[in-house]
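Student: Need a 3D model of the following:
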Amino acid sequence: MTAVKWRAAVASLALFVVACSGDSDGGNEGATGSASQASSPGITDETLRLGVVLLDLSTLEPLGMGLDNFEVETQQEAFEVFIDAINDDGGVGGRTVEPVYVVNDPLNADAARAGCLELTEDEDVFAVVGFVTDAAECIAVEHETPLLFHTSDLDSLYRSSSNRLVGPGASLERTAAGWAAVMEQTGDLAGRTLGIVAVDDGASEQLPADALQSTLEQLGHAVGYRAHLPGTADAAAIALEVPRMRDAGVDTVFLSTNFATAGQFVQVSEQQGFTPQYLTSEIGTLANDGLVQRMPASFDGALAVTSTVGGPVAARSGQRAQEAFSECLDRYNDATGSDLAWGVEHALGGVCSMMTIFEAAATAVEDDLSQVTFVDAVQQLGDIELPGRHGGSFAPGKTDYADVFSVLRWSIDCACYEAFGDPVAVG
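Tutor: Numbers count the residues shown, from 1 in each chain. I've put the predicted structure just below:
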């Protein structure tokens, strides 16, 4: 998904990517300080103000990157169903949850920061949930406000947030390490000569690529070549790197980069007759059908590692709905009169996972609720089941949930990913 600061990358094919990044430095792991309920913003004896960030994908739709059932209105409806259910059940310690909505354009970092300032300074919310892109550092570090977001970021941002940054995914470095570990366990690296594609500018791609390469080497797999590319999808630069990778004997390529660069790399490689086995992951959100739709024929058979479950992949593979997701789906259908089915692409999965975390942590300490006790409660949730995720856990100092990943396989016939093997737990 990145990021996770999301930013637009312009390719020569006029492609953009909502890419994961984050450039914060570490510090203060596990420290949350101390505060009383009275000193926490956004809560009174009667109310709890919750910031909610909705993602406006309309600016991406002309580029072929829209998602079904992901309109701003649909996202808000899903949040309102969950919040109404909490309030109908007595709220959080008798407090009514009052949502404050802002809309986020993923191609506009200035707008993302403006939304952060509106929620944390103008509205003085207790916490923020939602589809946050470039504002994670502004919310969780700069304004010391708990943030439950749907993507992932660098280890350093989780640390510098003092555990206020929470998400159902894994950090970018853990995602990269897990990616290598899963590929090792499935046997898809045996006898292969490996290459890595990542851009050179900034920590957002270099640190995950470092974690990927380090894990591969620990598993006994040398990296034959690591491409050096600029921050945008530069076809000329890629054209120079492809023969170097081919000359190094690489036959399997980890696309540890944003969508625009990945797409250009595969296109240019095919033009030069270089058609390796491609491997993707949640880094750059490349394990998503919609963001690899324009890949050429040489992408057929690409393997993707993901911590998510559900959506069209689940429907195509006949996977049964998780109990947690079924409960969320029933709640949504009952409240809205919809007949939304398991396996349909929808914003509901992300909303359910974020709001499940919020409700569990907030109600665990509702009699002594503050931002500090809330953040501490998240870390005590253990291995709860989250809708739309294979499995994971929270623990002291660990606020990125995902620990279980599965493999998908891209089929050129349906232009889609299909399930490919059982979920794998990684350390």
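Student: how about the strands in the chain?
Tutor: Counting by DSSP state E, residue ranges of the strands within the chain are 47-55, 96-104, 127-130, 147-149, 165-166, 194-197, 223-226, 252-255, 277-281, 303-306, 404-411, 416-419, 424-425.
Student: how close does the residue nearest the centre of the chain sit to Pro106?
Tutor: The centre of the chain sits closest to Thr151, judged by Cα atoms, centre = their mean, with a distance of 2.4 Å. Per Cβ to Cβ, to the nearest Å, Thr151 is found 11 Å from Pro106. Where you see a C-beta, it was placed from the backbone N, CA and C, and this is true even at glycine.
Student: re the thing from before, for the residue nearest to the centre of the chain, what are phi and psi?
Tutor: Main-chain dihedrals, Thr151, degrees, to the nearest 10: phi -110, psi -140.
Student: Same question for Glu385.
Tutor: Residue torsions, per degrees, to the nearest 10, at Glu385 are phi -90, psi 130.
Student: Find the nearest non-adjacent residue to it, please.
Tutor: Ala324 (4.4 Å; Cβ to Cβ, 6 or more residues apart in numbering).
Student: residue contacts, the one you found?
Tutor: Cys352, Thr356, Glu385, Leu386, Pro387 (Cβ atoms under 8 Å, 6 or more residues apart in numbering).
Student: By mean pLDDT, point me to the weakest helix or strand of the protein.
Tutor: Across the helices and strands of the chain, mean pLDDT, DSSP states H and E gives its lowest value to helix 311-317, namely a mean of 69.
Student: so where is the stretch 301-427 of the chain shaky, pLDDT-wise?
Tutor: Along the stretch 301-427 of the chain, segments meeting pLDDT under 70 span 311-312, 314-315, 317-318.
Student: tell me the helices in it, going along the chain?
Tutor: For the stretch 301-427 of the chain, the helices defined by DSSP state H, counting those that start in this stretch occupy 311-317, 323-336, 348-364, 371-378.
Student: so Met355 makes contact with Phe79?
Tutor: Yes: with contacts counted by Cβ atoms under 8 Å, Met355 reaches Phe79, the gap being 7.1 Å.
Student: Please enumerate the shared neighbours of those two.
Tutor: Listed as contacting both Met355 and Phe79 by Cβ under 8 Å, 6+ apart are Val129.
Student: Comparing the two, which residue is more hemmed in?
Tutor: Legend: neighbour count by other Cβ atoms under 10 Å for Met355 and Phe79, higher for Met355 (25 against 22).
Student: The more buried one - nearest residue in space that isn't next to it in sequence?
Tutor: Met355 sits nearest to Phe82 (Cβ to Cβ, 6+ apart), 4.2 Å away.
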